[in-house]
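**Q** structure here, sequence nowhere to be found:
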């Protein structure tokens, strides 16, 4: 394969693309299957994690990313394999890569920035609530 074509826009936005070679078929199928497996593992880890609700939230976000992108990737792979005119085009892979980058940045932002803010807010709320009277339940 001539790798100089990867730089050209006509390569990525050509709707009449040829089929995938056998190496790329296996590679894409394995990649998207690994995404689905990682999503399942993250979902299981979120279910088994007790106590830390922020870790559970981050596991659930990661699982949702992996499962969504894995299923959409398998769908794109099927359309590319069957050489469907629009849905099998190469630019969908660029959209897929862009979605992965955006989603990973959002998850990292949530874990590194948002969770510490939520933890400090929660501890401040507990500190103020300890002085408030608690209504007795009947």
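**A** Sure, I can see it. Keep in mind it's a predicted model, so treat the numbers as computed, not measured.
**Q** for this structure, what's the longest helix?
**A** The single longest helix within the chain, with elements called by DSSP state H, is helix 53-81.
**Q** list the helices and strands that one packs on?
**A** Using 3 or more Cβ pairs under 8 Å, 6 or more residues apart in numbering; DSSP states H and E, the elements in contact with helix 53-81 are helix 22-48, helix 91-109, helix 115-129. No exception for glycine: its C-beta is placed from N, CA and C like everyone else's.
**Q** can you do 6 Å?
**A** The contact analysis (3 or more Cβ pairs under 6 Å, 6 or more residues apart in numbering; DSSP states H and E) places helix 53-81 against helix 22-48, helix 91-109.
**Q** which non-adjacent residue is nearest residue 75?
**A** Nearest residue to residue 75 in three dimensions, chain neighbours excluded: residue 87, at 7.9 Å (Cβ to Cβ, 6 or more residues apart in numbering).
**Q** wait, the one you found touches residue 79, no?
**A** Yes: distance between residue 87 and residue 79: 4.0 Å, which falls inside the contact criterion (Cβ atoms under 6 Å).
**Q** neighbour-wise, which of those two wins?
**A** It is residue 79, of residue 87 and residue 79, that has more neighbours when counted by other Cβ atoms under 10 Å, with 16 against 12.
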